[in-house]
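Novice: kindly return the folded structure for what I paste below:
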Amino acid sequence: MSKQLLLVGDKVLIEPDEGEKTESGLYLPQNVREREKVQTGKIVQIGPGYPVYDPALLEEEPWATNNSKKKYFPLQAKLGDYCIFLRDQAIEITFNKKNYMVASQAAILVLIRDSGNSGINGIEP
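Specialist: Below is the predicted model of the structure:
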């Protein structure tokens, strides 16, 4: 039986960059960069977003069964985006023997998306 990882609310699952090569070609593992306040990685899964309350439910009786579909305000982050996020606001997890970071949408500082154009306001991604 395979297990599925489900994110709740505004959470994103990030595959962090493992390390960085220096100009001389040396590979610096992530633990050398522990003091950094930000980290980079690729978004591999996103939660449903922020739940949106339906005011029509106020007129229903509390014991009545509610068959309405839940609605969510979508996140700005999308699958495949490259992001820069606050390291201290993310949680490191291991799932299927692979390390990931779980962060909320608010912990993401910058998204870099391959949109096939020259970027926003002339800024190259």
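Novice: check contacts around residue 16.
Specialist: Residues in contact with residue 16, defined by CB atoms under 8 Å, 6 or more residues apart in numbering, are 30, 39-41, 99-101. (C-beta placed from N, C-alpha, C; glycine too.)
Novice: out of those, who's nearest residue 2?
Specialist: Comparing the contacts of residue 16 against residue 2 with CB to CB picks out residue 100 as the nearest, at 16.7 Å.
Novice: number of nearby residues for that closest one?
Specialist: For residue 100, the neighbour count with other CB atoms under 10 Å is 21.
Novice: that one: what secondary structure?
Specialist: strand (DSSP: H, G, I helix; E, B strand; the rest coil).
Novice: so it touches residue 39, yeah?
Specialist: No: at 11.9 Å, residue 100 does not count as touching residue 39 under the criterion of CB atoms under 8 Å.
Novice: list the contacts of residue 56.
Specialist: Residue 56 makes no contacts at all, as judged by CB under 8 Å, 6+ apart.
Novice: buried set for the helix or strand where residue 15 lies?
Specialist: Residue 15 is part of strand 11-16, with elements assigned from DSSP states H and E. With burial defined by 16 or more other CB atoms under 10 Å, the residues of strand 11-16 counted as buried are 11-14, 16.
Novice: what does stretch 69-86 give?
Specialist: Result for stretch 69-86 [16+ other CB under 10 Å]: buried residues 75, 77, 81-83, 85.
Novice: which pair in the residues you listed spans the largest distance?
Specialist: Of all pairs drawn from those, the one with the largest separation by CB to CB is 75 and 82; the distance is 15.3 Å.
Novice: ok, back up a step: turn the contacts of residue 16 into a markdown table, including pLDDT.
Specialist: Conversion of the contacts of residue 16 to a markdown table gives the following (pLDDT from 0 to 100):
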| residue | pLDDT |
| --- | --- |
| 30 | 59 |
| 39 | 89 |
| 40 | 90 |
| 41 | 93 |
| 99 | 94 |
| 100 | 96 |
| 101 | 96 |
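Novice: got a markdown table for those residues, with distance to residue 113 too?
Specialist: Output for the contacts of residue 16, formatted as a markdown table (distance: CB to CB, whole Å):
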| residue | distance to residue 113 |
| --- | --- |
| 30 | 24 |
| 39 | 18 |
| 40 | 14 |
| 41 | 14 |
| 99 | 23 |
| 100 | 20 |
| 101 | 19 |
